[in-house]
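Novice: pasting the structure only:
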């Protein structure tokens with residue numbers, strides 16, 4: 001795990017731009033505390049911060065080929081680099097190091113931009129080809145490693161500059177771009193917790209999307225896609241294969257993926273939550289190492305928000321040394337503002353905060369951890385999937401048998417009169433919702449649904465359909481896909497990318513590397529072609545994983561329904577921290593931004609405190625948005641929340 005950054009000029013670099021490039025690099029020193037490097041010529045300054053994982057002595061970057069005409073700055077790991085190295089050596093390439101970074105250089109010499117297809121791993125890298133004054137930026141297939149870029153006019157020159165960095169703060173530190181909020185995507189950010197396209201919350205700063213590469217040459221940037229998740233529906237051959245054989249193939253792929261991610265010259269550990277995903281990876285990991293593995297778990301003081309009992313069972317079953325940390329509300333709110341700085345954008349999920357604390361715990365013992373991230377999106381692990389499909393199918397029948405006028409009468413007159421909880425559930429069902437994907441699959445599970453946005457936000461933020469980018473993914477595979485596979489494809493392209501960003505940047509806040517075996521692209525390609533029965537069977541989620549882990553993971557964990565990572569923010573925001581949140585959201589500065597309706601936000605906070613309404617998701621989103629504005633747009637840096 002490292003940080004990459006750089007400035008590439010359309011004409012010539014100014015003398016002071018080396019110092020700009022150094023500042024861009026060093027603002028991300030938490031990603032690479034073990035060393036720093038810089039390559040500079042007349043047209044480019046390429047930086048690197050290093051966290052030493054492989055080839056501790058020889059893996060310094062930026063790294064060049066033999067005649068120093070090609071330079072690479074690389075963040076991530078190429079797990080199959082030994083096999084690719086053998087092939088390259090057979091072609092006559094000569095290595096000077098044992099690092100996977102050098103494999104990228106020689107692979108580019110041998111195969112050009114197509115070298116990316118040879119790599120199995122997680123990566124974001126920049127290749128500067130001095131002979132052609134050509135920059136190549138590449139991001140891994142699933143978006144495990146982040147990469148951001150922008151093009152800005154050069155100061156005092158007719159040329160322009162392409163800036164890139166592993167974190168947005170690296171680009172901002174150049175001083176060549178003024179941080180401005182991208183109001184056009186705020187509706188999507190508040191609804192879905194992420195921006196699913198290339199735009200970020202900073203105007204003019206872009207994400208390089210997963211499975212994409214960018215070429216900058218002749219002052220022009222070309223972005224192309226080199227890989228995508230299969231979206232042609234279930235493979236007929238796999239559909240006809242027995243469940244037992246499919247489970248065996250899945251097990252082999254997952255075990256191989258775990259084995260590859262044990263590549264390191266430093267100690268490794270495991271984030272262990274007590275759920276089936278992390279327990280499965282930990283168990284497979286324990287089978288492939290010759291010593292007890294180190295596992296790390298986190299919980300809150302409130303017992304209802306703790307999975308430590310199950311994490312301990314999982315650790316004990318494999319003889320692991322489990323390390324635990326329990327955090328309080330003061331810990332949570334004390335860390336939150338700094339983590340907004342680390343993530344560069346409003347924190348999507350409260351679980352980012354405990355992830356930071358368990359990362360800090362792990363950093364005392366190891367430099368690399370494996371995680372269970374990605375299984376839910378790959379194998380239909382969330383409870384929303386069976387509920388959404390039942391609702392969708394029932395809604396189709398309901399729409400066919402009842403006239404539109406009668407359905408409207410039920411929604412407006414019957415549903416609101418139902419008692420308590422029944423009314424709440426009915427309002428989120430086909431009885432009250434339009435039968436379309438945006439309503440049933442997106443708005444129904446949004447952090448801030450459209451009706452809440454219209455209540456709380458200034459109308460200027462509501463000009464775009466916040467679900468349009470996600471719907472493009474939903475429609476991508478066409479009618480050949482099942483509804484479930486369309487939902488999973490959409491979440492893999494949107495929601496999971498946000499989770500991976502969280503995993504990367506929060507673990508790097510503690511200077512440790514996290515690896516995600518479930519989204520090895522070979523495993524992803526296999527799972528995407530599986531018949532739906534192996535993912536979701538009735539209300540049984542992740543069926544193939546549960547079958548594969550019988551006899552491997554304790555039965556008590558196999559039988560558990562998903563708990564997620566519960567955070568008592570709803571409880572805190574209704575109780576002792578309500579006034580703190582109120583002080584931020586109703587502050588003069590917040591009101592004067594013109595983003596919210598202060599009276600509506602006051603009602604939200606009052607209703608949430610009194611229990612009339614569950615407003616925790618909306619309160620969380622607005623709190624983080626304001627902390628982000630103060631940190632980056634107002635230029636005040638890391639904030640504090642008064643206890």
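Specialist: Sure thing, it's come through. Note that the structure is a prediction, hence the values are computed from the model and not measured. Numbers count the residues shown, from 1 in each chain.
Novice: contacts, neighbours, all on C-alpha from now
Specialist: Fine.
Novice: show me the strands in the stretch 1-150 of the chain, by range?
Specialist: Assigned by DSSP state E, counting those that start in this stretch, the stretch 1-150 of the chain shows strands spanning 2-9, 35-40, 44-50, 63-64, 70-78, 121-129, 134-139, 148-153.
Novice: of the ones you listed, which is nearest residue 213?
Specialist: Distance to residue 213, taken as Cα to Cα, is lowest for strand 134-139 among these, at 4.3 Å.
Novice: any idea of the mean pLDDT in the closest one?
Specialist: For strand 134-139, the mean per-residue pLDDT is 98.
Novice: what of stretch 255-267?
Specialist: On average, stretch 255-267 scores 88.
Novice: single out the most deeply packed of the strands of the stretch 1-150 of the chain.
Specialist: strand 2-9 (a mean of 31; mean count of other Cα atoms under 10 Å).
Novice: in a markdown table, list the strands of the stretch 1-150 of the chain along with distance to residue 326.
Specialist: Output for those, formatted as a markdown table (distance: least, Cα to Cα, whole Å):
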| stretch | distance to residue 326 |
| --- | --- |
| strand 2-9 | 29 |
| strand 35-40 | 32 |
| strand 44-50 | 31 |
| strand 63-64 | 42 |
| strand 70-78 | 30 |
| strand 121-129 | 31 |
| strand 134-139 | 35 |
| strand 148-153 | 34 |
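Novice: identify each buried residue in the helix or strand bottoming out on mean pLDDT in the chain, please.
Specialist: Within the chain, no helix or strand scores below helix 420-427, which has a mean of 86 by mean pLDDT, DSSP states H and E. Buried residues in helix 420-427, counting neighbours by 16 or more other Cα atoms under 10 Å, are found at 423, 426, 427.
Novice: then stretch 577-587?
Specialist: Buried, per 16+ other Cα under 10 Å, within stretch 577-587: 577, 578, 579, 581, 582, 584, 585, 586.
Novice: okay, and which of those map to strands?
Specialist: Using DSSP state E, no member of the buried residues of stretch 577-587 sits in strands.
Novice: neighbours of residue 642, just the number please.
Specialist: Neighbours of residue 642 under the rule other Cα atoms under 10 Å: 12.
Novice: again, but for residue 164
Specialist: 28.
Novice: residue 557 now?
Specialist: So residue 557, with other Cα under 10 Å, has 20 neighbours.
Novice: can you give me phi and psi for it?
Specialist: When quoted as degrees, to the nearest 10, the phi and psi of residue 557 stand at phi -80, psi -40.
Novice: which residues in the stretch 251-400 of the chain form helices?
Specialist: Listed in chain order, the helices of the stretch 251-400 of the chain (DSSP state H, counting those that start in this stretch) span 276-286, 308-317, 329-343, 352-363, 375-379, 384-401.
Novice: where's the spatially closest residue to residue 288 that is not a sequence neighbour relative to residue 80, distance?
Specialist: Nearest non-adjacent residue to residue 288, counting by Cα to Cα, 6 or more residues apart in numbering: residue 259, 7.0 Å away. For residue 259, the distance to residue 80 equals 11 Å [Cα to Cα, to the nearest Å].
Novice: okay, the helices of the stretch 251-400 of the chain in TSV with distance to residue 68, mean pLDDT and mean neighbour count next?
Specialist: Putting these into TSV (distance: least, Cα to Cα, whole Å; pLDDT from 0 to 100; neighbours: other Cα atoms under 10 Å) gives the following:
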stretch	distance to residue 68	mean pLDDT	mean neighbour count
helix 276-286	39	95	25
helix 308-317	48	90	19
helix 329-343	34	95	20
helix 352-363	36	95	23
helix 375-379	42	96	23
helix 384-401	52	93	16
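Novice: I'd like to know which of the ones you listed lies nearest to residue 602.
Specialist: helix 329-343 (20.8 Å).
Novice: the inter-axis angle of that closest one versus helix 352-363?
Specialist: 90 degrees (axes from the mean of the first three to the mean of the last three Cα atoms, to 10 degrees).
Novice: re the thing from before, number of residues surrounding the residue nearest to residue 288?
Specialist: If you count neighbours by other Cα under 10 Å, residue 259 ends up with 17.
Novice: just after the least confident helix or strand of the chain, pick out the following helix or strand.
Specialist: Moving toward the C-terminus from helix 420-427, the next helix or strand (DSSP states H and E) is helix 437.
Novice: now the element after that next one, going C-ward?
Specialist: Counting by DSSP H and E, the element after helix 437 in chain order, helix or strand, is helix 450-456.
Novice: contact partners of that following helix?
Specialist: 187, 191, 443, 462, 596, 597, 598, 600, 601 (Cα atoms under 8 Å, 6 or more residues apart in numbering).
Novice: what residues sit buried inside it?
Specialist: Across helix 450-456, burial judged by 16+ other Cα under 10 Å covers 450, 453, 456.
Novice: let me see the mean pLDDT of that helix.
Specialist: 95.
Novice: and it, how far out from the chain middle?
Specialist: Its chain's C-alpha centre and that of helix 450-456 lie 26 Å apart, by Cα atoms, centre = their mean, to the nearest Å.
Novice: other residues contacting the next helix or strand after it?
Specialist: For helix 450-456, the following helix or strand on the C-terminal side (DSSP H and E) is helix 468-476. The contact list for helix 468-476 (Cα under 8 Å, 6+ apart) reads 196, 197, 231, 437, 438, 486, 487, 489, 490, 493, 494.
Novice: could you do stretch 291-306 as well?
Specialist: Taking Cα under 8 Å, 6+ apart as the rule, stretch 291-306 contacts 268-273, 285-286, 307-308, 311, 315, 319-328, 354-355, 357-358, 361-362, 365, 565-568.
Novice: and if we set it to 7 Å?
Specialist: With Cα atoms under 7 Å, 6 or more residues apart in numbering as the test, stretch 291-306 has contacts from 269-273, 286, 307-308, 311, 319-328, 354, 358, 362, 566-568.
Novice: Three-state assignment for the residue lying closest to residue 27 once chain neighbours are set aside, please.
Specialist: Of all residues not flanking residue 27 in the chain, residue 170 sits nearest, at 6.2 Å (Cα to Cα, 6+ apart). The three-state label given to residue 170 by DSSP: H, G, I helix; E, B strand; the rest coil is helix.
Novice: I'd say residue 170 and residue 21 touch.
Specialist: No - look at residue 170 against residue 21 with Cα atoms under 7 Å: they stay out of range, at 8.9 Å.
Novice: what touches both of these two?
Specialist: With the criterion set as Cα under 7 Å, 6+ apart, the contacts of residue 170 and residue 21 do not overlap.
Novice: which phi and psi does the residue lying closest to residue 528 once chain neighbours are set aside have?
Specialist: Distances taken as Cα to Cα, 6+ apart put residue 230 closest to residue 528, at 6.1 Å, once the chain neighbours are dropped. Main-chain torsions, residue 230, degrees, to the nearest 10: phi -60, psi 130.
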